[in-house]
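In: Got a predicted structure here, sequence first:
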Amino acid sequence: MPRYNPAEIEPKWQAYWEKNKTFRCPDFPDPQGKGKLYVLDMFPYPSGAGLHVGHPEGYTATDIYCRYWRMQGKTVLHPMGYDAFGLPAEEYAIRTNTPPRQSTEANIANFTRQLKMLGFSYDWDRALATTDVEYFRWTQWIFLVLFDTWYDPDLQKGRPISQLPIPEAVAVLGDEAIASYQDRHRLAYQDDALVNWCPALGTVLANEEVIDGRSERGDHPVQRIPLRQWMLRITAYADRLLGDLELLDWSAGIKKLQADWIGKSTGAEVDFRIVKQDQASCPEESIRVYTTRPDTLFGATYLVVAPEHPLVAKITPDAYAAQVKEYCEAASFKSDRDRTEADKQKTGVFTGAYAINPTTQQPIPIWVADYVLGNYGTGAIMAVPAHDVRDHEFALKYRLPIVRVVEPLDATLEELEKIRSGEICFAGEGIAVSSGELDGLRTKDAKAKVIASLEQQGLGREAVNYKLRDWLFSRQRFWGEPFPILHELGPDGTPNGQIRAVPVADLPVDLPHLEDYKPHGRPEPPLGKADASWLYVELDGKKYRRETNTMPQWAGSCWYYLRFISPRCTEAFVDREQEAAWMPVDLYIGGAEHAVLHLLYARFWHKVLYDRGYVSHPEPFQKLVNQGMILSYAYKDHRGALVPVDLVQEDDQGAVKHTQTGEELQRIVAKMSKALKNVVDPEGVVREYGADALRLYEMFMGPLEATKPWSMQGVNGVRNFLDRVWRLVVDSRSEDLKLSEAVQDIPAGAEHDRVVHSTIAAVTQDIENLSFNTAIARMMEFVNHFTKESVRPKSAMENLTLMLAPFAPHLAEELWRILGHDDSLAYAPWPEADQEKLKIASVEVPIQVNGKVRAKIVMPVGIDKQHAQSLALDNERVAELLAGKEITKVVIIPGKMVNFVIKS
RNA sequence: GUCGCUGUGGCGAAAUGGCAGACGCAUUGGACUUAAAAUCCAAGGACCCGUGAUAGGGUCGUGUGGGUUCGACUCCCACCAGCGACACCA
């Protein structure tokens, strides 16, 4: 085998690693080693389409990192698994008439085959899928932990429900009342929620799965209907989820995304007394609003309540009832997203009722408008049209008064004029005016003063709000984890409202066999069609019906990183000691599309488990890196329409033309898509160029976090590099496999040593910084250097092989063998850069005049400033330029540059 | 609309206060070959001056405009473009 042939050596080494369990990870980190390292990829959803080039990007990065640290002596946990529940699998199953478990397992087998083909150093013995019954047994168990936990706001901690203090008033009502009180406080609770129900898909959808009132998948109409749903009380943890971001080594961008999603705001709740009117029999005294700008209270000229607000009907006088009712009903049919469409004109209706502004004592009208959301704050606002753009827009449309109470600190006269005339609205901070006792105060001080005064009068208080909502956790689908919950049946055989957990000993609750799990257009979950033997349970003499909702796809991915630590543990969801030894995850790499939801949900579950004493760290993922998207070239015609790549041809001049119209096209970068025929299949790349070339190319394209376009010529380029490495070491003309004659077991000279050790230093640094593209460039320089040498020290070739091993492991193993080593190099010590051998005697230093390079002089390393200056002045050209000029300043950075500043 | 990221040769990129364009692709020239492929060696930002040809020298150049600095791709301000996320949260 004289030539580099990845098709032969790659399967050979993959078989070797598998047979020798080279990457098996021990239960505990080696106490003699250099510590533990837990490196995790976001596990894939095993779609029928197989691996996409985007998958190996992150996986190669983590693989390089793991292989490097193994060579540095760390014990590395590096697992892989599958997030396999979910709607696409179920849809596919319905379409092809195969059971979802069967198609899911086939897809997993295909993914595993493709991943193994790329030579990743996973411990495959730890592989798992969220659909494994033995896995979701513990997903259900964790759900029961959530069900068994309430959040104690005083201790800021989740505690067992048995420790929830029961108020005397509840206790006297008996066991049922206590149970219902407890149920209302659990982290997993049931609630009547307005959901996005899609009859065609037969399920509720998350808000992000609904676009303009239609489903993202299939474009079916979506309705808003109230349904009894399971909710998870993530809002209880909002403050900790926000505060603990500080502990994490995540990019500022991702932290900000999460912080914005949680959306903490501080302001005040203010009570507005309702003006009693003869017609309305309103028992309530006041409406409570939430505002972040209590300092603008004097400018509140009307109130707005959400259409869902419980007081709407009570405060509306009969004369207005019909139109208010009509408006509220119309609003109830709109989705949240419809209502919040920004470019939409605001609408609203006057209720006919008035409230008293507590500062001015003036009556102000109360309106209903759907720009106020029922489920944020108190569902009601005080409108300050002079200082809030939304209120301003609404006030202009309905001709409501605008009263200016804040002046900007630094505005141009022109701006000030417009603000004073009410033409534009000023929403910033400034100085209070026309606000009685607040006049002259800065916004911050005015807020404090008005809150204090409201508190004194019992009319308001400081308040905090979050955008984050509780998590709607149930789906009406077949292919998900069943809830381990039982509904007690009354004497008439229908649920009586009492619920209980399935005893832990009875877990898992497996999915029943269903002949027909297709959607039927009604919101009852498909599991309701299960046999009575599954559906009905008798326990302690009572009859129960199982909960028939299933969990959303997010559930399984909320804790898989814990199961990887002890995947076969039968006693617990994770072995306690092993958890303490391996957690937290040291490096987590995945796509930015999971920046908010997955990472927030997983952090939430982790904190609950932490509070309940099941895990040892408050946060699961210490360092997070988002790999960039891999895009493809696409072509656009004069109209801006995209042209499929098979209709594009490049001519001799390098211009791209449409093969049919001959029109010259513009090359752009776009997402890969089947329609554009520019999807790159990783398996095809492996066949043509080899797995090592694919891995190397994905890393050489550019920085890990950047989005970058795929180029087959680039793949060819790195393959060319691997060929050069091969020829550097191996005699490619010989019939049998042997070292090149240039490779000799001789000591390296000073020049060779410098190249070797500077490469080691650079590559080591680059790997630790995840800067793989520059690490590869350094190895290319190394190869370019030694290719020119007719004698290549064997030790230098060994160092190169070791450095290349994390990137191109198959080739490196093969070269290692040819260099005379019997073992795999997976655990060979990483080469160390010898600082002594990096030292050089002299450097070339640029000499600048007024910042422009005018000469270059070789100077000894470590020269002092004075000598550097005189050497520079000795230079003929420099002397010439400085002749007769006055030198005003000389800047000298020894070893870097000398700059003479002269008067011109 | 708001927020974030990105803007550097023909292309992917490097350098993140000190010689802009490392490394790779594509291109061009040379060696090898009967020839081609492969391989190896070499050249290369643009423009100008200079020379028989070299050598050599100059000006400009990192999206645009301004600023800080002896010195800016790098830091600051404003703007433009592309991509992405969020979107009436009071």
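Out: Looks like it arrived, so ask away. Numbers count the residues shown, from 1 in each chain, chains lettered A, B, ... in the order given.
In: Can you pull up the most central residue in chain A?
Out: residue A:595 (1.7 Å; Cα atoms, centre = their mean).
In: State the distance from that residue to RNA strand B.
Out: 7 Å (Cβ to the nearest atom of the strand, to the nearest Å). All C-beta atoms are positioned from the backbone trio N, CA, C, and that covers glycine.
In: Please apply the same query to residue A:29.
Out: 32 Å.
In: SS state for the closest residue to RNA strand B within the stretch 51-200 of chain A?
Out: Here the residue of the stretch 51-200 of chain A nearest RNA strand B is residue A:57; by Cβ to the nearest atom of the strand that distance is 12.7 Å. For residue A:57, the assignment made with DSSP: H, G, I helix; E, B strand; the rest coil gives helix.
In: tell me which parts of the stretch 251-400 of chain A are close to RNA strand B?
Out: Within the stretch 251-400 of chain A, the positions near RNA strand B by Cβ under 7 Å from any atom of the strand are A:252-253, A:256-257, A:260, A:263, A:265, A:267, A:289-293, A:304, A:306, A:336-337, A:339-344, A:346, A:370-373, A:376-377, A:381-382, A:388, A:390, A:393.
In: So which of those residues belong to strands?
Out: Secondary structure defined by DSSP state E assigns A:265, A:267, A:289, A:290, A:291, A:304, A:381, A:382 of those to strands.
In: you'd agree the fourth one is up against residue A:375?
Out: No. Counting by Cβ atoms under 8 Å, residue A:290 sits too far from residue A:375 to count as a contact (11.9 Å).
In: neighbour count winner among these two?
Out: More neighbours surround residue A:290 than the other of residue A:290 and residue A:375, with 20 against 12 (other Cβ atoms under 10 Å).
In: how near is that one to residue A:819?
Out: 71 Å (Cβ to Cβ, to the nearest Å).
In: what number of residues lie near residue A:202?
Out: Residue A:202 - counted by other Cβ under 10 Å - has 23 other residues nearby.
In: Roughly how far does it sit from RNA strand B?
Out: Counting by Cβ to the nearest atom of the strand - residue A:202 and RNA strand B are separated by 24 Å.
In: which residue sits closest to that residue in space, ignoring its chain neighbours?
Out: residue A:519 (2.1 Å; Cβ to Cβ, 6 or more residues apart in numbering).
In: Quick check: buried residues in stretch A:687-700?
Out: For stretch A:687-700, burial by neighbour count (16 or more other Cβ atoms under 10 Å) applies to A:689, A:690, A:691, A:692, A:693, A:694, A:695, A:696, A:697, A:698, A:699, A:700.
In: Can you tell me what sits against that stretch?
Out: A:6-7, A:10, A:53, A:56-57, A:60-61, A:63-64, A:117-119, A:630, A:682, A:685-686, A:714-719, A:721-722, A:772-773, A:776-777, A:807-811 (Cβ atoms under 8 Å, 6 or more residues apart in numbering).
In: Could you do stretch A:882-898 as well?
Out: Taking Cβ under 8 Å, 6+ apart as the rule, stretch A:882-898 contacts A:843, A:845-849, A:859, A:861-865, A:868-869, A:872-873, A:899-904.
In: quick one: least confident helix or strand in chain A?
Out: helix A:336-339 (a mean of 57; mean pLDDT, DSSP states H and E).
In: any idea of the mean pLDDT in whichever helix or strand comes after that helix?
Out: Of the helices and strands lying after helix A:336-339 in sequence (DSSP states H and E), the nearest is strand A:348-356. Average pLDDT, strand A:348-356: 93.
In: Kindly report the same for stretch A:546-556.
Out: Stretch A:546-556 comes out at a mean pLDDT of 94.
In: That stretch near RNA strand B at all?
Out: No. Against RNA strand B, stretch A:546-556 shows no contacts by Cβ under 7 Å from any atom of the strand, the least distance being 14.2 Å.
In: residues in contact with residue A:491?
Out: No residues are in contact with residue A:491 under the rule Cβ under 8 Å, 6+ apart.
In: Please tell me how far it sits from RNA strand B.
Out: 44 Å.
In: Let me know the secondary structure of that residue.
Out: coil.
In: do residue A:845 as well
Out: strand.
In: Can you give me the buried ones in stretch A:566-577?
Out: Along stretch A:566-577, these residues count as buried under the neighbour rule (16+ other Cβ under 10 Å): A:566, A:567, A:569, A:573, A:574, A:575.
In: meant to ask about stretch A:62-81, not that
Out: Neighbour count says stretch A:62-81 has A:62-72, A:74-81 buried, by 16+ other Cβ under 10 Å.
In: Point me to the helix or strand that includes residue A:189.
Out: strand A:188-198.
In: How about residue A:778?
Out: Applying DSSP H and E, one finds residue A:778 within helix A:772-787.
In: cool, and residue A:866?
Out: Secondary structure (DSSP H and E) places residue A:866 in helix A:865-874.
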